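Participant: I would like the atomic coordinates for the input below:
(2 chains, ligands or ions: 2)
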Amino acid sequence: METSANTLADSKLAGREYQYGFTTDVEMEALKKGLNEDVIRNLSAKKNEPAFLLEFRLKAYRKWLTMTEPLWAHVNYPPIDYQDIVYFAKPKQKPQIAGLDEVDPEILRTFEKLGIPLDEQKKLANVAVDAVFDSVSVATTHKKKLLEHGVIFCSISEAVQEYPELIEQYLGSVVPIGDNFYAALNSAVFTDGSFVFIPPNTRCPMELSTYFRINTEESGQFERTLIVCSEGSHVSYLEGCTAPKFDTNQLHAAVVELVTLDNAEIKYSTVQNWYSGDPVTGKGGIYNFVTKRGLCKGRNSKISWTQVETGSAITWKYPSCVLAGDNSIGEFYSVALTNGYMQADTGTKMIHLGKNTRSRIVSKGISSDKSTNAYRGLVRIGKNATGARNFSQCDSMLVGSECAAHTFPYLEVGNEEAVVEHEASTSKISEDQLFYFESRGIVREDAVAMILNGFCKEVFQQLPMEFAVEAQKLLTLKLENSVG
Amino acid sequence: MTAILDINELKAGLNGVEILKGISLCIQPGEVHAIMGPNGSGKSTLSKVVAGHPDYTVASGEILFHGEILTDIPPDARARKGIFLGFQYPVEIPGVNNSEFLRMAYNARRKEKGLEELDPFDFQELLADKMKLLDMDARFKDRGVNEGFSGGEKKRNEILQMAVLEPSLAILDETDSGLDVDALKIVSKGINALRKPDNAVLLITHYQRLLDYVQPDYVHVLAHGKILKSGKKDLAREVETRGYDWVTG
Ligand SMILES: Nc1ncnc2c1ncn2[C@@H]1O[C@H](COP(=O)(O)OP(=O)(O)OP(=O)(O)O)[C@@H](O)[C@H]1O
Ligand SMILES: [Mg+2]
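Facilitator: Ligands and ions are numbered 1, 2, ... in the order given. Next up is the predicted model:
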């Protein structure tokens, strides 16, 4: 089976030249740089949004003005000029696309080049794709088939028009507008993203996925994803990202909200490979400041985050679970790889509110070259969360001697009966291990790849199969020159 | 006939310290040689130098394998040409599946011979046969390479790898140390199964009991980085009864 996953890495590529660094020449329609209430009104009007949403945006904007950028993360970057960003850029085309034949062929070609055929004949058999180009969703495949099962999968702009009551009910219900600086900014200016609604007692018949592509140099990308999984339902969702190479930094400040009702389960997987800047000079790359949170609202519900973070100049990201429903389960499986001058501060928050809630954290950090890689995790057990349990495991692997790994676990236990376990380790690939492989005829690069894949196995096992293969290739590709 | 291994006046060491001080050794196809010698005499060093460990430098002399000078050939290429080193202390490689690892090694060697790679399915069959020969529990396949293996299990896993790879030269560095009586018999069976007219085995051991099961053609005593005495298999017995002082003193 051909899949979209094929795209995030290509093992044939020599060295670790970023493969997706091209730009696409399409006519874009963009708002002027800068941000004020008029820009927001203008944006909202262009999108023909209902009043509640404009209100939502303005409230968020006013909140944002009172906030300051978080500085606690273990990352370093020059101040961002928020007035120097284009907040809305979209391919110039007819306002409503009826079918794929109306999408700019240049954009279709871009996605094809990325390995994601959108056209109806070639589209991926078992994966429905929503393709987001700069700020706008350009195509969603398999929509009809999904609707037959009652599954709604469309761009969030479309959902605002078609299902405003669902949007009004759930938007901002997990990540409130004032949650943090970037989430407030996103709430004010988000332009598109994906929306998923799974009706009760439905197992979504295929993998859903969104593929993000930043194309315009000075635009920020502020997508918003909302997934609601009703009682007794299940959905698996994948997210992939690439961007062209620019010498400047682009801001990516997305918000993802997940809601599970009684006995529902959402599995959310990310393979992130934004351009990470020049590996030698450290110039350029994406600032990936993302807020992802899931609310296990119902009893016995489950939210599982799996992420493979291999790109971006800076990653600031803590996919979290609020375990409100009794017996609900939150999981976080992460591989974060940094090389060159990359900086990652990533981890999770598990907030136990309901009784007998359980969470599991498995974090694997790999750092090489001059990069820094920090795990930051919070486990909070509320006073009513009797019987709550958490298990955390944070392992770091250092490749080379100039990189750094840090672990910042935070624990707040408000219930005496809760059980919380934390394990951590730091390791290096030893010369003896490499020689062992070599003495069996296996070349050094393959040895490193096998050791790293072994190190990340628990996380990769959580990914849908094709993505797991892709993620492995991606790791190998990224570290090709880091191990001498 | 070209020797499988031909070492001439080899001087080698590590961090500027000379450990091997002029070793010569010639192994013909079909032969089994045993090397004995006191602790620290340089036995493991010799095996690693032949396998191409990057930490060791060859100061002078040469190693020929099937007539080819090995000096500039990296360890992985030596392995693909058919040199196998069974380690005295096999490392653990957590998370790397034992059978995956073996398949990768096996296919690397096949590719070198111009043969097609074996798919996982066919390889599983081959592996199952070899494991049966060595009386190994099937669950070792799916564990991490040597991960949490007992000392004896690690040694048996080395022999499994040897059985799968069918090297033309197997150097077994104290594979018998740490094996119980039954395991020793099984491992010996594995080594004997590899004995073919066109293969050779170099056994490094401290004990006569292995040599009761795997009868060597020649025995060498290595001490202070030199081969001080060579002989037929009774030399081993003699060393065991009279001690190394008899040779070195
Ligand atoms: N990495 C190293 N650093 C320093 N010295 C070393 C190193 N490796 C080997 N040596 C030294 O080289 C000498 C030979 O070691 P080697 O391991 O070859 O001995 P051996 O004959 O295999 O001994 P044993 O019977 O105990 O296994 C010893 O004196 C040892 O201390
Ligand atoms: Mg030794």
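
Participant: Can you get me the centre-to-centre distance for the helix or strand harbouring residue B:238 and its chain?
Facilitator: Using DSSP states H and E, residue B:238 maps to helix B:234-242. Helix B:234-242 has its C-alpha centroid displaced from the chain centroid by 22 Å (Cα atoms, centre = their mean, to the nearest Å).

Participant: just checking, what packs against it?
Facilitator: strand B:32-36, helix B:208-213, strand B:218-223, helix B:245-248 (3 or more Cβ pairs under 8 Å, 6 or more residues apart in numbering or on different chains; DSSP states H and E). C-beta: built from backbone N, CA, C; applies to glycine.

Participant: Using JSON lines, lay out these together with distance to residue B:77 and mean pLDDT.
Facilitator: As requested, the helices and strands packed on helix B:234-242 are exported to JSON lines (distance: least, Cβ to Cβ, whole Å; pLDDT from 0 to 100):
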{"stretch": "strand B:32-36", "distance to residue B:77": "24", "mean pLDDT": "95"}
{"stretch": "helix B:208-213", "distance to residue B:77": "30", "mean pLDDT": "90"}
{"stretch": "strand B:218-223", "distance to residue B:77": "26", "mean pLDDT": "95"}
{"stretch": "helix B:245-248", "distance to residue B:77": "36", "mean pLDDT": "79"}
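
Participant: Go through the ones you listed and name the closest to residue A:390.
Facilitator: When the helices and strands packed on helix B:234-242 are compared by Cβ to Cβ, helix B:208-213 sits nearest residue A:390, at 51.2 Å.

Participant: picking that back up, export the helices and strands packed on helix B:234-242 to a markdown table and tack on mean neighbour count and distance to residue B:48?
Facilitator: Formatted as a markdown table, these follow (neighbours: other Cβ atoms under 10 Å in any protein chain shown; distance: least, Cβ to Cβ, whole Å):
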| stretch | mean neighbour count | distance to residue B:48 |
| --- | --- | --- |
| strand B:32-36 | 24 | 13 |
| helix B:208-213 | 18 | 20 |
| strand B:218-223 | 22 | 14 |
| helix B:245-248 | 14 | 23 |
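
Participant: tell me the helices in the chain, going along the chain?
Facilitator: Picked chain A for this. A:37-46, A:51-65, A:105-113, A:143-148, A:156-162, A:164-170, A:181-189, A:431-438, A:444-460, A:465-479 (DSSP state H).

Participant: my question was about chain B
Facilitator: Ranges of helices within chain B are B:43-51, B:75-81, B:98-112, B:120-133, B:151-165, B:181-194, B:208-213, B:234-242, B:245-248, based on DSSP H.

Participant: Turn those into JSON lines, including distance to residue A:334.
Facilitator: Below are these laid out as JSON lines (distance: least, Cβ to Cβ, whole Å):
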{"stretch": "helix B:43-51", "distance to residue A:334": "38"}
{"stretch": "helix B:75-81", "distance to residue A:334": "32"}
{"stretch": "helix B:98-112", "distance to residue A:334": "23"}
{"stretch": "helix B:120-133", "distance to residue A:334": "28"}
{"stretch": "helix B:151-165", "distance to residue A:334": "32"}
{"stretch": "helix B:181-194", "distance to residue A:334": "41"}
{"stretch": "helix B:208-213", "distance to residue A:334": "48"}
{"stretch": "helix B:234-242", "distance to residue A:334": "56"}
{"stretch": "helix B:245-248", "distance to residue A:334": "58"}
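
Participant: about what we covered before: can you tell me which of the helices and strands packed on helix B:234-242 comes nearest to chain A?
Facilitator: The closest of the helices and strands packed on helix B:234-242 to chain A is strand B:32-36. By Cβ to the nearest Cβ, the value is 18.2 Å.

Participant: right, is the closest one up against ligand 2?
Facilitator: No - applying Cβ under 5 Å from the ion, one finds strand B:32-36 separated from ligand 2 by no less than 10.0 Å.

Participant: Quick check: the gap between the residue minimising distance to the centre of chain B and ligand 2.
Facilitator: Chain B has residue B:171 as the residue nearest its centroid, 1.9 Å off, counting by Cα atoms, centre = their mean. Distance, residue B:171 to ligand 2, using Cβ to the ion, to the nearest Å: 11 Å.

Participant: cool, and residue A:343?
Facilitator: 45 Å.

Participant: That residue contacts residue A:336, correct?
Facilitator: No - if you go by Cβ atoms under 8 Å, residue A:343 and residue A:336 don't touch, sitting 10.6 Å apart.

Participant: can you give me how far the helix or strand of chain B with the lowest mean pLDDT is from the chain middle?
Facilitator: One helix or strand of chain B scores below all others by mean pLDDT, DSSP states H and E: helix B:245-248, with a mean of 79. Offset of helix B:245-248 from its chain centre (Cα atoms, centre = their mean): 25 Å.

Participant: How about stretch A:377-390?
Facilitator: 25 Å.

Participant: Give me the buried positions along stretch B:171-190.
Facilitator: By 16 or more other Cβ atoms under 10 Å in any protein chain shown, the buried positions in stretch B:171-190 come out as B:171-177, B:179, B:183-184, B:186-190.

Participant: Which neighbours do residue A:343 and residue A:336 have in common?
Facilitator: Residues touching both residue A:343 and residue A:336 (Cβ atoms under 8 Å, 6 or more residues apart in numbering or on different chains) are A:315, A:373.

Participant: Identify the residue of chain B closest to chain A, quick one.
Facilitator: Relative to chain A, the nearest point of chain B is residue B:95 (2.7 Å; Cβ to the nearest Cβ).

Participant: what about the closest residue to that residue other than its chain neighbours, distance to residue A:433?
Facilitator: In space, and not counting its chain neighbours, residue B:95 is closest to residue A:454: 2.7 Å by Cβ to Cβ, 6 or more residues apart in numbering or on different chains. Residue A:454 sits 10 Å away from residue A:433, taking Cβ to Cβ, to the nearest Å as the criterion.
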